[in-house]
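S.K.: this one's structure only:
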């Protein structure tokens, strides 16, 4: 079992750290939120007073933060975790599980390598349900040697662990995955709304499409139409899950990457525009599948308009 420092104990990081404790690891955690620290302490974790204190004596150091700016700040700047880790006697393996831009992931990995440390970008898929259940998918970027060290730890939090490639590859995979998910969720929402207008029973439509060519995870496991899939957020007033504001962040990352690489992503761009309108309408804290309810309230533009 490993000594682990965990920075970022929010909706995702909190249950992830709790699962590491259940797996028998010694985890010292830090978060700016007192409520998050209290929940972590109640789960059996050791609370640190700062990020650097959480890193002290750690053999593995994990961050789960909101955006690239936070990751750079904690690892490179005032947080100085790379410098602190390099000065420690343990020379910990560094893992960032945040979803951020590829450039930031590579910048932090380069700084870690220059300090003689291995660093992985390991964003996750599965949302808060997967985080609590320990069934997350980890998309990992880094060296094979670093991945071999990380895999036993990641197994305490996830079910599927994949080395996608070198530094930044994990973030690239996550950006592509979530762009496709956003597009698919909108498509499923449109299909069920059209079915409703045509007088088709949603349960009948689901029974057909979940075994036909329209089948997808957004349809079969996370159906945005209420009453169809009992475990979906659509049956809990769209409580997240995965917040719409976070989906907007991820689709925006995909569009920045598409622009930088000259990649045509017209559906990705349209999904970003729709999720931007959804968030501006005040639905950012709801699950991203609330796009169904929001679309239901929109009027179709007149033909030729």
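M.R.: Yep, that arrived. The structure displayed is predicted, hence computed values, not measured ones.

S.K.: so which residues of the stretch 51-200 of the chain form helices?
M.R.: Defined through DSSP state H, counting those that start in this stretch, the helices belonging to the stretch 51-200 of the chain, from first to last, are 51-55, 68-76, 81-87, 102-114, 127-133, 144-154, 169-197.

S.K.: which of the ones you listed is buried the deepest?
M.R.: For the helices of the stretch 51-200 of the chain, the stretch with the most neighbours on average is helix 51-55, a mean of 23; neighbours defined as mean count of other CB atoms under 10 Å. (Each C-beta comes from the backbone N, C-alpha and C, glycine too.)

S.K.: show residues contacting it.
M.R.: Outside of helix 51-55, the residues that reach it under the criterion CB atoms under 8 Å, 6 or more residues apart in numbering are 5-7, 28-30, 48, 61, 74, 79-81, 84-85, 88, 92.

S.K.: out of these, who's nearest residue 277?
M.R.: Checking those against residue 277 by CB to CB gives residue 74 as the nearest, at 32.0 Å.

S.K.: measure the closest one to residue 82 for me?
M.R.: According to CB to CB, to the nearest Å, residue 74 stands 9 Å off from residue 82.

S.K.: again with residue 245
M.R.: Applying CB to CB to residue 245 and residue 82 gives a distance of 29 Å.

S.K.: cool, residue 3 as well?
M.R.: In this structure, residue 3 lies at 18 Å from residue 82, with CB to CB as the measure.

S.K.: again with residue 30
M.R.: For residue 30 relative to residue 82 (CB to CB), the value is 16 Å.

S.K.: can you list the low-confidence ranges for the stretch 151-300 of the chain?
M.R.: Nowhere does the stretch 151-300 of the chain drop to pLDDT under 70.

S.K.: how about the strands in it?
M.R.: Counting by DSSP state E, counting those that start in this stretch, residue ranges of the strands within the stretch 151-300 of the chain are 158-165.

S.K.: domain assignment for this structure?
M.R.: With automatic domain parsing as the criterion, the domains of the chain are listed as 3-165, 172-296.

S.K.: out of those, deepest packed?
M.R.: The densest packing among those, expressed as mean neighbour count by mean count of other CB under 10 Å, is seen in domain 3-165 with a mean of 20.

S.K.: how far out from the middle of the chain is that one?
M.R.: 13 Å (CA atoms, centre = their mean, to the nearest Å).

S.K.: kindly report the same for stretch 252-263.
M.R.: In terms of CA atoms, centre = their mean, the centre of stretch 252-263 is set 18 Å apart from its chain centre.

S.K.: can you check stretch 163-175 too?
M.R.: Shown here is stretch 163-175, whose average C-alpha point lies 13 Å from the average C-alpha point of the whole chain (CA atoms, centre = their mean).

S.K.: do stretch 199-206 as well
M.R.: Here stretch 199-206 is found 31 Å from its chain centre; the criterion is CA atoms, centre = their mean.

S.K.: ok, now stretch 221-231?
M.R.: Averaging C-alpha positions (CA atoms, centre = their mean) puts stretch 221-231 21 Å from its chain's average.
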